[in-house]
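Engineer: Provided below are the primary sequence and the corresponding predicted coordinates.
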Amino acid sequence: MEPTKIILDENDLPKDWYNINADLPSPLPPPLNPGTGKPLGPQDLAPIFPMELIKQEMSLERHIKIPEEVREVYRLWRPSPLYRAFRLEKALKTKAKIYYKWEGVSPAGSHKPNTAIAQAYYNMKEGVSRLATETGAGQWGSALSFAANLFGLKCTVYMVKVSYEQKPYRRIMMETWGAEVFPSPTNKTNSGRAILKQDPKCPGSLGIAISEAVEDAATHEDTKYSLGSVLNHVLMHQTVIGIEAKKQLEMVGEYPDVVMGCVGGGSNFAGISFPFLHDKLKGDKKDLRAVAVEPTACPTLTRGIYAYDFGDTAQLTPLVKMYTLGHTFIPDTIHAGGLRYHGAAPQLCLLAKEKVIEAKAYNQIECFKAAELFARTEGFIVAPETSHVIKAVIDEARGCKEEKTILFNNSGHGNFDMASYDAFHQGKLVDYICPDSKIKESLKCLPKVG
Ligand SMILES: *Cc1c(COP(=O)(O)O)cnc(C)c1O
């Protein structure tokens, strides 16, 4: 009988991360200094990141060794299981085989500790004593709080205010791991105060919270900034997911036809897909499809434009070339807080631009319906973010007449998102399709480059 879950031994934990910079179809446009318009050098990033992460950010080496201290912490929950979704397949009457990598087994409940552990480790090695960061739904903040604590670092989290209010349990988790958490916009930073002056009731956004955390790090000697997605080194740390999944699929003689993941900044999608896209970019697996799934309320890849933009609202970050809805774009407050970001990872955007990957967008009600079917067949109650990829997988598989192997990343559990499921059950969820006018308006604020 075919196994339901495919398990690797701890000794099979990957020894290297995969750096897709070595295989991109065209060079990644460099991040620019917004003041000079010139490409950034390592020294420009030194005030906010440790040197080793800056090196990884710019590295063109295909494989980068995972430090033993990081692998030791990974062992707490890695290698994560790969499941075959037999019951979901049956419910869909599909001929497709559906596999999912389950990242909800980490202490924080999502894929995010894969990079949090690495980032906390390199900061500790370089003598940093505090990390500042932003969090949307609270998953990144909890992952970094967990990681910072293990390596003896303090952690300050700027949490998007709407999530801070909707999701108190995530805040309590962070505090349990020893972090301090503030609802953003705060009046602790210049960026926060400026926003509150314009709109005292501002629900916050990831863009605003990033501004606050970057400002905190840049203005404190002992503090560095830590980002949970978007950057090259973050996506690279997540490739442990896809590297493991490849081995696990090999064990049952499979290779995916389609790889899917939801996209906020792009890290979990990159984590599962990049090790497979390596084969496509090399020319070995030309027909492999990779599908990135985002919310219609924040349709970065499907309706944004490919341009240089700031990563944050207050224009403190470098300019990066990406699909963007404009750094002033504030998405409607959907329950998938982790997908409310105006941009996406430059590596992912380049791959979308070059048509190596595809993108799709879904509304939140259809996503919760999909997540409910998943819960009733597979058992796991997934995060609202993850519900987006489940909807896409169901569409891909439903009524599928030919044999096809679908692999997706089940990025995290929704155990702290019961209020969202409750709103769904009570018919209180609202669908949002972002109007063209709103995107047009925020794109007016794109910086002029070159
Ligand atoms: C943060 C998060 C996401 C979105 O972020 P990416 O960087 O795009 O992966 C998706 N799912 C879960 C469970 C998350 O916590």
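Structural biologist: Noted; the coordinates are in hand. Numbers count the residues shown, from 1 in each chain.
Engineer: which bits of the stretch 101-250 of the chain sit near the ligand?
Structural biologist: With Cβ under 6 Å from any ligand atom as the criterion, the stretch 101-250 of the chain meets the ligand at residues Ser110, Lys112, Gln139, Trp140, Ser229. (Each C-beta comes from the backbone N, C-alpha and C, glycine too.)
Engineer: where exactly do the helices run in the stretch 101-250 of the chain?
Structural biologist: Along the stretch 101-250 of the chain, counting by DSSP state H, counting those that start in this stretch, helices occupy 113-125, 139-150, 161-166, 168-176, 190-198, 206-218, 232-237, 240-251.
Engineer: who touches the last one?
Structural biologist: Counting by Cβ atoms under 8 Å, 6 or more residues apart in numbering, helix 240-251 makes contact with 6-8, 12-14, 17-18, 66, 74, 78-80, 82, 99, 101, 103, 111, 114, 255-256, 259, 268, 271-276, 405, 407, 409, all of which sit outside it.
Engineer: list the buried ones in that helix?
Structural biologist: Val240, Ile241, Gly242, Ile243, Glu244, Ala245, Lys246, Lys247, Gln248, Leu249 (16 or more other Cβ atoms under 10 Å).
Engineer: for it, the averaged confidence score.
Structural biologist: Mean per-residue pLDDT for helix 240-251: 98.
Engineer: rewinding a little: which ChimeraX command selects the buried ones in the residues of the stretch 101-250 of the chain next to the ligand?
Structural biologist: Per 16+ other Cβ under 10 Å, the buried members of these correspond to this ChimeraX selection:
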select :110,112,139,140,229
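Engineer: pull the most distant pair out of the residues of the stretch 101-250 of the chain next to the ligand.
Structural biologist: Spanning the widest gap among those are Ser110 and Ser229, at 11.3 Å by Cβ to Cβ.
Engineer: quick one: contacts for Ser110?
Structural biologist: Glu103, Gly104, Gln139, Ala143, Asn268, Ala383, Ser411, Gly412, His413.
Engineer: how about 6 Å then?
Structural biologist: Glu103, Gln139, Ser411, Gly412 (Cβ atoms under 6 Å, 6 or more residues apart in numbering).
Engineer: who's it bridged to?
Structural biologist: With DSSP bridges applied, Ser110 shows beta-bridge pairing to Gly412.
Engineer: per-residue confidence at it?
Structural biologist: Reported pLDDT for Ser110: 98.
Engineer: what of the one 3 residues further on?
Structural biologist: Each residue has a pLDDT score; the one for Pro113 is 98.
Engineer: likewise for Gly450?
Structural biologist: On the pLDDT scale, Gly450 gets 66.
Engineer: residue of the stretch 1-150 of the chain nearest the ligand, please.
Structural biologist: For the stretch 1-150 of the chain, the residue closest to the ligand is Gln139, as judged by Cβ to the nearest ligand atom, at 3.2 Å.
Engineer: does that residue really touch His111, like I thought?
Structural biologist: No: the pair Gln139 and His111 does not pass the contact test of Cβ atoms under 6 Å, sitting 8.8 Å apart.
Engineer: quick one: residues contacting the residue of the stretch 1-150 of the chain closest to the ligand.
Structural biologist: Ser110, Lys112, Gly338.
Engineer: below-threshold pLDDT in the stretch 51-200 of the chain: ranges please.
Structural biologist: Scanning the stretch 51-200 of the chain for pLDDT under 70 picks out nothing.
Engineer: do the same with the stretch 301-450 of the chain
Structural biologist: In the stretch 301-450 of the chain (pLDDT under 70), the answer is 450.
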